[in-house]
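Chemist: Could you work out the structure for the sequence below:
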Amino acid sequence: MSLLGNARIPFTASAPSILRSRVVAFLRAKSVIRAADELITSPTGAPAAWLIDTRVALFDPQISFAIAALFWEHLHRHYPFQLCCVEMTGIPLMASIQAFALRREVVVNGFVIRKERKETGRRRQIEGSVNEQPIVFVDDIINGGNSVIRAEVALSNINRCISQVVALIDFETSRIGERLLQNGINLKSLISLEELGLSKSARLPQSAKDEPMFYVRWKLDQGDVKSVDVVPKCTPAFDGDSVYHGTDSGMFYACDARTGEVRWKFAAGTDRHKGIRSSPLIHENLVYFGAYDGVFYALERSSGRLQWEFVEADWIGSSPCCAPTLGRVFVGLEHAMPGRRGSLVALDSQTGERCWQVLLAGLVHCSPCFIPSLGSVVIGSNDGEIYCVDAATGLVRWGASSGGAIKARPCYDEKSGLVIVGSFDRNLYALRADTGEIVWRFATQGVIYSEPLISQDDVYISSTDKHLYRLNIADGREVYRYFAGAKLFTAPSEWHSKVYFASTAGNIFELDPKNSILTGSHVMPAAITNKVVWDEANRCCYIATVDGQLYACERR
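Modeler: Model prediction:
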């Protein structure tokens with residue numbers, strides 16, 4: 001029997017206090033989970049002393065009704081308003097409040113903000129309709145404030161804002177309440193941790209996570225995006241003066257690195273869904289990239305004028321690399337030929353003349369890695385094969401096999417002589433660069449769609465299992481992992497001894513490798529699938545989101 005008992009409690013002046021005491025009793029008995037009673041884990045993977053599972057309460061019809069009554073007791077005086085929440089626990093909470101209001105013949109509109117934009121159907125981030133009434137954000141628990149920030153960012157895209165935040169429980173462990181108040185937004189919580197027999201000091205997060213990490217210096221709204229597919233796309237490149245970036249619509253831009261002003265743009269051909277997903281390469285006076293029209297382009301950096309093009313592919317998603325001493329550019333190609341679906345080609349960097357081409361059985365989405373000390377190019381294919389090719393002659397030096405597609409560029413560590421590459425078989429591989437022998441492999445729980453980052457004696461890799469892993473490069477031993485709460489497609493990057501990575505929920509994280517702690521975070525308006533690119537000359541970073549926007553951001 002529920003702690004409410006069988007008796008129906010009318011909503012009178014005394015009802016809120018009666019319902020409140022019974023909600024508190026239920027939460028203490030059923031929702032507060034302690035380590036002494038059950039194994040529980042924090043978001044970082046470490047053991048936690050306790051947690052509050054509000055789903056137990058919200059999925060109980062009578063307790064859910066009582067919680068809705070407590071919210072309504074506070075909210076009814078502010079009507080008219082509409083409700084919003086972030087999935088998932090916010091959904092049953094908001095629905096309960098709407099149902100409670102309807103019993104009192106009051107209609108309250110509600111809508112849900114997804115953590116990640118839906119990839120199919122209508123591809124929305126906001127589900128439901130948003131009217132002109134003030135917006136009240138409701139949540140079960142306010143801790144670090146990420147849900148509130150996610151809602152603020154999503155609503156800013158439609159020029160709306162939150163007027164009030166109401167939570168069942170506020171952990172009071174962050175400065176989110178102060179920040180909201182500075183913006184004229186009141187934060188109200190209904191039940192305190194002390195009432196549940198818990199101490200707020202036990203779960204203090206790092207204060208660095210409480211404030212946005214960046215401010216936006218400029219934004220390029222390309223306004224022509226064709227696709228919001230949540231997959232790795234074009235990573236911007238810069239030369240200290242201009243930023244270069246391609247879009248799903250097939251438009252390639254050169255922008256002033258300081259102001260974001262478009263200096264020139266170039267229209268590449270496109271297929272029905274994809275345009276440019278190849279990241280640009282800057283070399284001498286040219287900028288190179290491939291497109292899904294099957295053309296590899298070389299444009300003059302200063303003007304965007306076409307210098308040459310190579311047209312012997314059906315599609316190109318691979319990003320180029322170059323061997324300056326050889327005067328060559330390397331890129332993976334895709335072909336509509338049975339049994340010869342991909343290839344690696346070497347082109348003269350100034351003329352586009354083909355120097356050599358190696359035909360491969362599988363499609364090639366992977367980008368090549370040039371190893372100057374060995375004179376080799378390493379590339380992977382969708383059939384799980386990894387190839388090492390002589391950069392001068394195109395002769396295959398060795399091949400190795402993984403159990404899944406190789407989608408992201410391998411990287412090379414000069415000190416250990418290892419090639420590090422991730423696979424869709426969920427493993428990260430370390431191979432000897434001279435022989436292709438597998439030295440070690442490390443298993444994650446998700447496919448690996450990102451390029452590794454090598455820093456000193458460690459390698460960092462993102463996985464779609466929502467973790468960033470730090471491994472010892474010599475033996476693949478795990479040093480540390482961080483749970484990001486959403487899928488990771490982005491390659492990690494490093495700037496000023498900090499490691500940066502981003503998630504499909506639009507969160508950017510700053511990690512201090514020395515202490516293995518998170519020192520900053522930021523929420524962007526849409527999913528991020530490409531790495532954060534740092535520009536030391538202009539003291540900013542460039543962030544591309546899957547909805548076609550490009551941001552120049554500065555660290556606070």
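Chemist: Starting from the helix or strand that residue 18 is a member of, tell me the next helix or strand along the chain.
Modeler: Element membership for residue 18 (DSSP states H and E) is helix 15-26. Next helix or strand after helix 15-26 toward the C-terminus (DSSP H and E): strand 32-34.
Chemist: What number of residues are in the vicinity of residue 284?
Modeler: 11 (other Cβ atoms under 10 Å). For the C-beta atoms, the positions are set from N, CA and C on the backbone; glycine is no exception.
Chemist: Wait, it touches residue 327, no?
Modeler: No: contact criterion Cβ atoms under 8 Å: residue 284 and residue 327 do not qualify, at 9.6 Å.
Chemist: what residues are shared contacts of these two?
Modeler: Shared contacts of residue 284 and residue 327, defined by Cβ atoms under 8 Å, 6 or more residues apart in numbering, are found at residue 349.
Chemist: coming back round to it: residues of the helix holding residue 18 that come out buried?
Modeler: 16, 19, 20, 22, 23, 24, 26 (16 or more other Cβ atoms under 10 Å).
Chemist: now swap in stretch 140-160 and tell me
Modeler: Under 16+ other Cβ under 10 Å, the buried positions of stretch 140-160 are 140-155, 160.
Chemist: what's across from the closest residue to residue 313 other than its chain neighbours in the sheet?
Modeler: Leaving aside its sequence neighbours, residue 313 sits nearest to residue 333 (Cβ to Cβ, 6 or more residues apart in numbering; 3.9 Å). Beta bridges link residue 333 to residue 343, judged by DSSP bridges.
Chemist: residues near residue 333, how many?
Modeler: 25.
Chemist: That one is in contact with residue 311, isn't it?
Modeler: No: between residue 333 and residue 311 there is no contact under Cβ under 8 Å: 10.7 Å.
Chemist: residues bridging contact with these two, i.e. touching both?
Modeler: Shared contacts of residue 333 and residue 311 (Cβ under 8 Å, 6+ apart): residue 296.
Chemist: Give me the distance between the residue lying closest to residue 436 once chain neighbours are set aside and residue 22.
Modeler: Once flanking residues are discounted, residue 436 sits nearest to residue 398: 3.6 Å by Cβ to Cβ, 6+ apart. Using Cβ to Cβ, to the nearest Å, residue 398 is found at 69 Å from residue 22.
Chemist: Under the pLDDT cut-off, which ranges of the stretch 1-150 of the chain? List them.
Modeler: For the stretch 1-150 of the chain, the stretches flagged by pLDDT under 70 are 1-15, 41-47, 118-120.
Chemist: Strands of that one, start to end?
Modeler: 32-34, 50-52, 82-86, 110-113, 126-127, 135-142 (DSSP state E, counting those that start in this stretch).
Chemist: Adding distance to residue 375, write these out as a markdown table.
Modeler: Shown next, in a markdown table, are the strands of the stretch 1-150 of the chain (distance: least, Cβ to Cβ, whole Å):
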| stretch | distance to residue 375 |
| --- | --- |
| strand 32-34 | 58 |
| strand 50-52 | 55 |
| strand 82-86 | 52 |
| strand 110-113 | 52 |
| strand 126-127 | 53 |
| strand 135-142 | 57 |
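Chemist: Ok, which of those strands comes nearest residue 500?
Modeler: strand 82-86 (23.8 Å; Cβ to Cβ).
Chemist: for the host helix or strand of residue 254, packing partners?
Modeler: Assigned by DSSP H and E, residue 254 belongs to strand 251-256. Judged by 3 or more Cβ pairs under 8 Å, 6 or more residues apart in numbering; DSSP states H and E, strand 251-256 is in contact with strand 242-246, strand 262-267.
Chemist: closest one to residue 539 among the ones you listed?
Modeler: Nearest to residue 539 among these is strand 242-246 (13.8 Å), distances taken as Cβ to Cβ.
Chemist: how far does that closest one sit from the chain's center?
Modeler: When C-alpha coordinates are averaged (Cα atoms, centre = their mean, to the nearest Å), strand 242-246 and its chain have centres 21 Å apart.
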